[in-house]
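Student: Predicted model and sequence below, questions to follow.
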Amino acid sequence: MFKSVLIDKTACNGCINCMKRCPTKAIRVVDGKAEINQTRCINCGECVRVCQKKAIHPNFDAFATINNFKYKVAVPSASFFGQFGNVQDLDTTLNSLRNVGFDDVFGVARGSDVLTALTRQALSQGKLQKPCISSSCPVCVELILMCFHGLKENLAPYIPASHIAAKMAREEAIKKTGLKSEEIGVFLISPCPAHVSAVKENLYKNDSGIDGVLSVREVGIKVMNLRFDEVDIKANYKASSLGLSCAISGGEVEGTGLDRVVDVDGMENIVKFLKELEDGKHPELEFVELNACPGGCVGGVMNVENAYFAKSTITRLCREVMKGSQNVTDFADKTYDYYTIADKWKVNNAYYKLDEDFAQAFVKMRKMEDVRQRLPGRDCGMCGAPSCKDFAEDVAQGKTNIEQCIFINGEDD
């Protein structure tokens, strides 16, 4: 299993901030150091965001891996363009990637245009179960498949814009160069560790055509060291303003053209909203956009720029693109199946399953409940688990013992 979030235990001081923040209770503090249960991790990066010691960091491909290919194509996320507030046009930012080692550039925003067109068409034809939940954010896809099984059928059956763009980029590069596919390296430049994991673990069950995932921060710093007035302009930005706006929360819902839509960002807000949806609330909704990062992809932990400044830059650039706006429906040049996931979404039982054997699971459930009855219910985290309920589960699983609760210890004095 690929680990998209890593912990430097020499820097970790066991403060429990990450443990308390994790939406799937995947983190425990053992012997004063944080540990991640990878089967429960959804790669949201919240632990990276809140770690004051910078002991937790995202894992991604090294920039040097681009040199393993004869022809190198950069596929920058739309949020990449928000990292350079001093640059006045998209073409300069787009072409700056050529100056740091790439042979060609194909923006994810172009994939967003295709995705918008497909979603809009499918919704109008009644092909999607409502409310349709966007599958663009891999964190939210994994959250639903792990914790909100009742909403599985509401997930849109599409691969995300980044994977669509990668497919298009490879096809374009093959035609342009005449090279074999294996000689061409297509690299996603991502703001989020979840996209790294989605590629490595094949979350979307579709050949993405992505050979590696680089960090917006690492590539962005290389670009910042350039003199932008010397960037050679060889390619033009070809996406619409809607495609670019998908870097910001609300960009997808705007593209649907529907009225009964909502966008939700930030993990706490998303968890609360999904509980409401699963309880049957908001039946009037047609489309739901979810972004794990605050503000959308501009809030990703692998970005350079402050999310608010990045949003401001994207908004300004969108206004510039609108002056020569293209019709978003012009970009849907493939069949419906070409951009859909290969199989139906499958639930992940890691959050709920106590044991593969039903009889053993029942025994553990009884023990878990017995332990819970003895605990104070303070959810203090001093035992190394985020709540008394989680601690009781750990005891039932044999991962710790009840004496780790300081209040239980106090009863024996």
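Tutor: Yep, it's here.

Student: In stretch 86-100, which residues are buried?
Tutor: Val87, Leu90, Thr92, Thr93, Leu94, Asn95, Ser96, Leu97, Arg98, Asn99, Val100 (16 or more other C-beta atoms under 10 Å). C-beta here means a position set from N, CA and C on the backbone, and glycine is covered the same way.

Student: Could you single out the nearest of the residues you listed to Lys353?
Tutor: Leu97 (43.8 Å; C-beta to C-beta).

Student: Tell me where the protein has strands.
Tutor: Assigned strands in the chain, in chain order: 5-7, 27-30, 33-36, 56-58, 71-76, 104-105, 132-133, 184-190, 212-215, 261-265, 287-291 (criterion: DSSP state E).

Student: Rebuild those strands as a markdown table, extending it with mean neighbour count and distance to Val223.
Tutor: What follows is the strands of the chain, written out as a markdown table (neighbours: other C-beta atoms under 10 Å; distance: least, C-beta to C-beta, whole Å):
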| stretch | mean neighbour count | distance to Val223 |
| --- | --- | --- |
| strand 5-7 | 20 | 25 |
| strand 27-30 | 21 | 33 |
| strand 33-36 | 20 | 31 |
| strand 56-58 | 22 | 19 |
| strand 71-76 | 26 | 10 |
| strand 104-105 | 21 | 11 |
| strand 132-133 | 25 | 34 |
| strand 184-190 | 27 | 10 |
| strand 212-215 | 24 | 12 |
| strand 261-265 | 19 | 26 |
| strand 287-291 | 26 | 24 |
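
Student: Reformat those as JSON lines; add mean pLDDT.
Tutor: Supplementary listing: these in JSON lines, determined by pLDDT from 0 to 100:
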{"stretch": "strand 5-7", "mean pLDDT": "95"}
{"stretch": "strand 27-30", "mean pLDDT": "96"}
{"stretch": "strand 33-36", "mean pLDDT": "96"}
{"stretch": "strand 56-58", "mean pLDDT": "96"}
{"stretch": "strand 71-76", "mean pLDDT": "97"}
{"stretch": "strand 104-105", "mean pLDDT": "94"}
{"stretch": "strand 132-133", "mean pLDDT": "96"}
{"stretch": "strand 184-190", "mean pLDDT": "98"}
{"stretch": "strand 212-215", "mean pLDDT": "97"}
{"stretch": "strand 261-265", "mean pLDDT": "97"}
{"stretch": "strand 287-291", "mean pLDDT": "97"}
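
Student: Turn these into JSON lines, columns for distance to Val304.
Tutor: Shown next, in JSON lines, are the strands of the chain (distance: least, C-beta to C-beta, whole Å):
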{"stretch": "strand 5-7", "distance to Val304": "19"}
{"stretch": "strand 27-30", "distance to Val304": "26"}
{"stretch": "strand 33-36", "distance to Val304": "25"}
{"stretch": "strand 56-58", "distance to Val304": "13"}
{"stretch": "strand 71-76", "distance to Val304": "13"}
{"stretch": "strand 104-105", "distance to Val304": "18"}
{"stretch": "strand 132-133", "distance to Val304": "30"}
{"stretch": "strand 184-190", "distance to Val304": "12"}
{"stretch": "strand 212-215", "distance to Val304": "9"}
{"stretch": "strand 261-265", "distance to Val304": "20"}
{"stretch": "strand 287-291", "distance to Val304": "19"}
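
Student: and Ala385, which of those is closest to it?
Tutor: strand 27-30 (5.9 Å).

Student: The closest one - contacts with which helices or strands?
Tutor: helix 17-21, strand 33-36 (3 or more C-beta pairs under 8 Å, 6 or more residues apart in numbering; DSSP states H and E).

Student: Could you single out the nearest of the buried residues of stretch 86-100 to Asp343?
Tutor: Nearest to Asp343 among the buried residues of stretch 86-100: Leu97, at 33.9 Å, using C-beta to C-beta.

Student: give me every residue that touches the closest residue to that closest one other than its chain neighbours.
Tutor: Among residues not flanking Leu97 along the chain, Ala74 sits closest, at 4.4 Å (C-beta to C-beta, 6 or more residues apart in numbering). Counting by C-beta atoms under 8 Å, 6 or more residues apart in numbering, Ala74 makes contact with Leu97, Phe102, Asp104, Val105, Phe106, Phe187, Ile189, Val219.
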